[in-house]
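J.: pasting a predicted model and its sequence here:
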Amino acid sequence: MSDNEAKQTTKRRVQINVYASKLKNVAGFGKGTSDPYAVVTLLAGGPNEKPQILGKTEVIKNNLNPAWTTSFTTDYEFGQETKFNVGIFDSVRKAKRHKAMGSALFDIGDVLGSRGNIKAKKLRDGGTVFVRVAQASEVDYGTLHLKLRGLKLKNVDGMFSKSDPFFVMQTQTNSAGGKTWIPVYRSERIDNNLHPQWKSTQLSMEELCGGDRRRPIQVEVFDYEKNGKHKHMGKFETTVDGLLNGITTINIGKKPPKPMPTLDHEFVLLEKGKKFGSIIVTEARVMGAEGTPENQSNSSASVTTTTTVTYIEPSHEQTPLNTMPADFGSVLDEPIPVAPAVLVPNATDSTAGANVPAPLPVPMAPPPMPQRDFTRVQPTFVDYISGGCEINMFVAIDFTGSNGDPRRPGTLHHINRDGVSLNDYEKAITAVGSVIARYDSDQKFPVWGFGAKYGGHIQHCFQVGTSSELDGVGGILEGYRATFQTGLTMSGPTVFGEVIATAAQMARSRQREQKQIGKQSYGILVILTDGAVTDIQATKMALQQAADAPLSIVIIGIGNEDFSRMQFLDDFQQRESSPFNRGRDIVQFVEFSRFENNRRGLTRETLDEIPDQLVGYFTSNGIMPHPPVSGSKANVYEEDYNAEEDIDLSYDLNAEGEISLENDQQATFDAQGYGTYQSFLPPPMAPPSTADIPPPSAPALSSSAPSGPYVPPSANSGGNPAAPPVVATAMTYMVNIQAPQNSYPGMQLQVQNPNTGNFQVVVVPEGVQPGQTFAVALS
């Protein structure tokens, strides 16, 4: 894949929606209730960039639980931090600066990786702001130009006054909780009028119906009340086609005549089964649409039609979750009995008694997410993430002797005396890990080491840290630093095969488990190494055997060695395509030294191919994205206010209502720096146990450079050395397989591990004849 093709695929347009609940009333004593609106600003990633105001929402009068219908679109690229500020203000008439009601900072990747693509944050002075990010359409479905009028509306405002009607247009989405009506437009109110003529409006077809002119939409009319408790005046259900075909051609005039002439088209407003008046369409046309998809008609205002539009009783039928399409692939030969391979059992880390906050129910229906038809459009990475696909990160760290003595300043594993600065291994872990971690809901990551000896035995896949999965990026750093206290001897050679096989087995297992409960899973293995792999052919075989797994592999070269021999990892699968790997390239190799002072550049380069690889795996196996998680399942956890991040940006308003930033520096963050050790650690919940969590500082250093092989400080101290970590070398086992009599090079064989019962697909290598045996690593 060329760089241009990759960039076209990985950069996506996303849509941001904002709403809030329980805002603090800042209108002042005796001035009623605040009239909130929101401003969304895309932050700059450094002094050479400029922040961008994406826009502001409409003002919602007298409402502390606003559901704004205005949405914002921007570009998003996996592997790149994209932060935006949501500022909420109380609109004050004829004021240059409106009253701040609170601000919150979000990252698009964080939101996409959250349940239902929704994040919630507490505001400093009270209330919660919610944001949702969804895939924006790649097609311009145009704009609906619409003008409505009410006739003979029922007065619900009492005997001595008339109702002040406005209408809300809503779209229907099918979510995990059933059919849900989502507001997309709110009209102005017409005071004291039971025959209101609302202004012509323009509605995005993408937001209104996802381009599907036959999708149900609902129009609901309310009587405006200052306290925000608006009274229902009836509703009707139709479609965009219904509106286009339902234009009234009879001229009624400003005040309806008596008797009222027979209308060719009208929409009856019903409230609890009773007629509350009618709505007529005086203007309806779609403009600017690209093409006419199968689910669109060619209706427009210029077409005269005699179609009768009647009220359709809204359906309350619950829609079940879509089932995942069955996997498909090559038909495999009969399994061949093989020798057993012992695997490390899955750890069951208990979370009983953990201080986990209760989920915060979304106080209202979330904004709409486009309903995409994958029979007509290619799924994207954002579609899979929006459908709840979990991304699992595995980390493998090189502890070979070529890294140098970690006690010596300047060596690759050296930890600075201050315990704060990050070495290059840690910079790569935190930069890449922080991006991937956003899409992993449980924030638990298996971390392995390779290339070191324990008890004189070389280990090519051993556990790093005190448990099989470490908590968050901070936990990875703690486990990494603690490894030097465990009695290891940094050795060699550099072997990737076992960590690749282990990651592939775990990725397959997790996808199987997720599939059984109607979900999806994909793994990313991050390997950090200081040198070229020792056995190229064995590594190629490991990659070929991993190519059928839901897995991508990222290899980051640390240090200044010549990594030219590593280029084969990045492209050999395309060059040596076989029926087994289907030409699927799952590896990306990046040299850290090119991005030593550019964190954003490192993450972009390292993760650039992941979206294509994920989509390629699922689509090649006939697995489509699940529907976006929403409705009753869209419960989110409310994050606390962060004084350093959630700042109120200062804006200016001109006479035309246009808004601008007073200080660009306020809306700028550091996208290049790698941060400090402490910045990745969670705030302490309780005093840590020194038996479980080693100190973050470096091993004790002598005043002169040490001589001889590296020996852990615990061995020099005369005390008992720390217990070595659980070794995971039994995760793979080399066995001999006999090729069937009808075999050929590239033939796929399904092999069952008698010890675990798991099936694994292997491929007959080049040069192996029928009846001959060949070695393979089973997981």
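T.: Arrived safely, thanks for sending.

J.: residues of stretch 260-275 that come out buried?
T.: Neighbour counts over stretch 260-275 (16 or more other C-beta atoms under 10 Å) mark 264, 265, 266, 267, 269, 270, 271 as buried. Quick note: C-beta positions are derived from backbone N, CA and C, even for glycine.

J.: so the fifth one is in contact with residue 236, correct?
T.: Yes - proximity of residue 269 to residue 236 meets the contact threshold set by C-beta atoms under 8 Å, at 5.9 Å.

J.: what touches both of those two?
T.: Applying C-beta atoms under 8 Å, 6 or more residues apart in numbering, one finds that residue 269 and residue 236 are jointly contacted by residue 279.

J.: and residue 246, how far is that from residue 170?
T.: Note on residue 246: its distance to residue 170, by C-beta to C-beta, to the nearest Å, is 17 Å.

J.: correct me if wrong: residue 88 contacts residue 23.
T.: Yes - in this structure residue 88 lies within contact range of residue 23 using C-beta under 8 Å: 6.7 Å.

J.: overlap in contacts of these two?
T.: Residues touching both residue 88 and residue 23 (C-beta under 8 Å, 6+ apart) are 36, 101, 102, 123, 127.

J.: ok, these vs residue 28, which is closest?
T.: Distance to residue 28, by C-beta to C-beta, is smallest for residue 101 among the shared contacts of residue 88 and residue 23, at 12.7 Å.

J.: quick one: contacts for the closest one?
T.: With contact taken as C-beta under 8 Å, 6+ apart, residue 101 is in contact with 23, 24, 26, 34, 36, 88, 89, 90, 123, 125, 127.

J.: which element is it on?
T.: Secondary structure assigned from DSSP states H and E places residue 101 in strand 99-107.

J.: any idea which helix or strand comes after that strand?
T.: The first helix or strand that comes after strand 99-107 along the chain, using DSSP H and E, is helix 108-112.

J.: show me what that following helix is packed up against.
T.: Contacts defined by 3 or more C-beta pairs under 8 Å, 6 or more residues apart in numbering; DSSP states H and E place helix 108-112 against strand 11-21, strand 67-77, strand 118-122, strand 128-135, helix 381-386.

J.: contacts for it, please.
T.: Counting by C-beta under 8 Å, 6+ apart, helix 108-112 makes contact with 14, 16, 74, 76, 78, 81-84, 117-119, 131-133, 382, 385-386, 435, 438-439, all of which sit outside it.

J.: again with stretch 262-280
T.: By C-beta under 8 Å, 6+ apart, the list of residues contacting stretch 262-280 from outside reads 148-154, 167, 194, 219, 221, 232-236, 238, 245-250, 252, 281, 306-311.

J.: okay, how far is it across it, tip to tip?
T.: 12 Å (C-alpha to C-alpha, to the nearest Å).

J.: cool, and stretch 645-664?
T.: Terminal residues of stretch 645-664 lie 15 Å apart, using C-alpha to C-alpha.

J.: so how far is it off the chain centroid?
T.: How far stretch 645-664 lies from its chain's middle: 29 Å, per C-alpha atoms, centre = their mean, to the nearest Å.

J.: can you check stretch 92-108 too?
T.: Put simply, stretch 92-108 sits 27 Å off its chain's centre (C-alpha atoms, centre = their mean).
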